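Asks: quick one, what's the 3D model for this:
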Amino acid sequence: MDYVKGIFKKRPNRFIAEVEVDGNIEIAHVPNTGRCKELLVEDTTVWLKPSDNPNRKTKFSLHFVENRGHLVSIYSQEANSIVYDAIVNDQIKELSGYDYHQREKTIDNSRIDIYLANEVDDCCGETFLEDPCFVEVKGVTLVVGKEARFPDAPTERGTKHLKELIKLKKEGFRAAVFFLVQHPLGESFRPNWENDPLFSQTLNEAHESGVEILVYKCDNSLEGIRLIPQPMDFDLSQL
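Replies: Residues are numbered from 1 along each chain as shown. As a prediction, the model looks like this:
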């Protein structure tokens, strides 16, 4: 289904936006709980995906925002799919070599986005999994200058996920947090100490504990989104 062009007007709450489409004000679902205040500015061009579900309250979902001449993907759940597909297609060198891939894995009271392992057959013909790896994905839309930063608003849930990764690492498992920069202008990454010092400090603790930090960027177009298979630099220090 093709995208529909609109003009962003306002965001009454974090779930919906008022968007002008062909001269009419439409209500669109915003699939991103972040503030996105630097992106969702009045009269900014946005791109909407129409819904084919007649029972849905909103007719559209807001997928892209034009910012500084570039398309920014703000559909946060799509970040998980992009990273998962890239792993399956062996486009992320740090996470290559696994033959078992699973979306979402429940660990204690958390759900980790991606679970990887290797399938091994024992002497009795039974298959089991070994070398597990847990990957948590975070979509990044905030870019200051050319530096991507996460989060754009305090995230208790994000901090909880980092603590879960630290726990898994201490238990002997491989664990990684994957930041997917969804704004094409991002050229490096830093945690957003100003907006969420607790998350930023916990990310440092995770790194010191051996949790891997991976940062990649995606290329956005109305025809599709693809991950650029080249890792980006990051700096965890406070400005």
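Asks: hey, let's count contacts and neighbours off CA atoms from now on
Replies: Will do.
Asks: list the beta-bridge partners for the residue nearest the centre of the chain.
Replies: Nearest to the geometric centre of the chain sits Gly139, at 2.2 Å (Cα atoms, centre = their mean). Beta-bridge partners of Gly139, counted by DSSP bridges, are Leu180.
Asks: that one and Asp85, how far apart?
Replies: Distance from Gly139 to Asp85, counting by Cα to Cα, to the nearest Å: 15 Å.
Asks: which residues are in contact with the host helix or strand of Leu71?
Replies: For Leu71, the element it lies in under DSSP states H and E is strand 70-73. If you take Cα atoms under 8 Å, 6 or more residues apart in numbering as the criterion, strand 70-73 is touched by His63, Phe64, Val65, Glu66, Thr141, Gln182, His183, Pro184, Leu185, Asn220, Ser221.
Asks: okay, helices next: where are they in the protein?
Replies: Remark: helices assigned in the chain by DSSP state H are 76-88, 156-170, 197-209.
Asks: could you spell out the sheet neighbours of the least confident helix or strand in the chain by mean pLDDT, each with its direction?
Replies: Least confident helix or strand, the chain: strand 110-121 with a mean of 89, by mean pLDDT, DSSP states H and E. Taking DSSP bridges as the criterion, strand 110-121 forms sheet pairs with strand 100-107 (antiparallel), strand 127-140 (antiparallel).
Asks: name the residues of stretch 10-26 that are buried.
Replies: Residues of stretch 10-26 classed as buried by neighbour count (16 or more other Cα atoms under 10 Å): Lys10, Arg11, Ile16, Ala17, Glu18, Val19, Glu20, Val21, Glu26.
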